[in-house]
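Novice: pasting the sequence and the predicted model now:
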Amino acid sequence: NAGVTQTPKFQVLKTGQSMTLQCAQDMNHEYMSWYRQDPGMGLRLIHYSVGAGITDQGEVPNGYNVSRSTTEDFPLRLLSAAPSQTSVYFCASSYPLGGYTFGSGTRLTVV
Amino acid sequence: GEDVEQSLFLSVREGDSSVINCTYTDSSSTYLYWYKQEPGAGLQLLTYIFSNMDMKQDQRLTVLLNKKDKHLSLRIADTQTGDSAIYFCVPLPGSSNTGKLIFGQGTTLQVKP
């Protein structure tokens, strides 16, 4: 099993550009989430989903959009990249009451 | 919402025991997880405890839960240099299955040879 796959692993964007971070899981998990990790800040929840067609905002949703058209995929869209969005992004998935499985992360730099 | 507090840094010598402490606010948390993040890597589930247990042992790991005080600890026996990582205490919200895991800042464990 691949688990949770995130692409790309590294990305450099210019301010104002848009892009989509991809996340796919092959474990048939209902729950999926996106986190960002910044030095000294731990992980902060951006958006999450409890099933296909259902998404909700986390702690820091501004500047990001998500959709969940299938159980497997949960892409994160940056609409107009800003330097404040420079971070490491993690996608995670789980069953209800299960521990989350995390992807290996996407390191994003916005210049 | 849930709030988690951990000390930011712990340094131990190889072979010693490490104890990482955590306090949380949601008294209805059903599962309490410990995650480990090695440098430059994603997070991996290390162990967990059900809220109706006081202790769980898993090889070198011992998890203690004081539900009354909302205090969770992770003890690593015979700590090795490979245990150097950030450790996150993560209570699963008990109010509903929202999929909304909240992480604190984590504890950075440094193991000196």
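Specialist: Done, it's in. What you see is a predicted model, and the numbers here were worked out from it, not measured in a lab.
Novice: phi, psi for the closest residue to B:E5 other than its chain neighbours please.
Specialist: What sits nearest to B:E5 in space, not counting adjacent residues and going by Cβ to Cβ, 6 or more residues apart in numbering or on different chains, is B:T23, at 5.0 Å. Every C-beta, even on glycine, is put in place using the N, C-alpha and C of the backbone. Note on B:T23: backbone dihedrals following degrees, to the nearest 10 are phi -120, psi 150.
Novice: okay, and the beta partners of B:T23?
Specialist: B:E5, B:H71 (DSSP bridges).
Novice: ok, A:G42 - contacts?
Specialist: Applying Cβ atoms under 8 Å, 6 or more residues apart in numbering or on different chains to A:G42 gives the contacts B:F88, B:F103, B:G104, B:Q105, B:G106.
Novice: near chain A, which of these show up?
Specialist: With the criterion set as Cβ under 8 Å from any Cβ of the partner chain, the members of the contacts of A:G42 near chain A are B:F88, B:F103, B:G104, B:Q105, B:G106.
Novice: do I have it right that B:D78 meets B:R60?
Specialist: Yes. Contact criterion Cβ atoms under 8 Å: B:D78 and B:R60 qualify, at 5.9 Å.
Novice: min pLDDT across the contacts of A:G42, which one?
Specialist: Checking pLDDT across those, the minimum falls on B:G104 at 80.
Novice: now it: closest residue in space that isn't a chain neighbour?
Specialist: B:V4 (3.5 Å).
Novice: where does the residue nearest to B:E5 land on pLDDT?
Specialist: Reported pLDDT for B:T23: 95.
Novice: mind listing what it touches?
Specialist: B:V4, B:E5, B:D69, B:K70, B:H71, B:L72.
Novice: cutoff 6 Å now
Specialist: Applying Cβ atoms under 6 Å, 6 or more residues apart in numbering or on different chains, we find B:T23 in contact with B:E5, B:K70, B:H71.
Novice: which strands and helices sit next to the host helix or strand of A:A24?
Specialist: Per DSSP states H and E, A:A24 falls inside strand A:19-25. Helices and strands touching strand A:19-25, by 3 or more Cβ pairs under 6 Å, 6 or more residues apart in numbering or on different chains; DSSP states H and E, are strand A:4-7, strand A:76-78, strand A:87-94.
Novice: for these, which one sits closest to chain B?
Specialist: Using Cβ to the nearest Cβ as the measure, strand A:87-94 is the one of the helices and strands packed on strand A:19-25 that comes nearest chain B, at 6.0 Å.
Novice: ok, residues contacting the following helix or strand past the closest one?
Specialist: Downstream of strand A:87-94, the next assigned helix or strand under DSSP H and E is strand A:101-102. Contacts of strand A:101-102 from elsewhere in the structure, counted by Cβ under 6 Å, 6+ apart, are A:G3, A:V4, A:F90, A:A92, A:S93, B:G42, B:L43.
Novice: the fourth one touches A:S33, doesn't it?
Specialist: Same thing as A:A92. Yes. Contact between A:A92 and A:S33 holds when scored by Cβ atoms under 6 Å: they sit 5.0 Å apart.
Novice: quick one: A:Q25 from chain B, how far?
Specialist: Per Cβ to the nearest Cβ, to the nearest Å, A:Q25 is found 13 Å from chain B.
Novice: who touches the residue nearest to that residue when sequence neighbours are not counted in this structure?
Specialist: Nearest non-adjacent residue to A:Q25, counting by Cβ to Cβ, 6+ apart: A:S93, 4.3 Å away. By Cβ under 6 Å, 6+ apart, the residues touching A:S93 are A:V4, A:Q25, A:H29, A:M32, A:T101.
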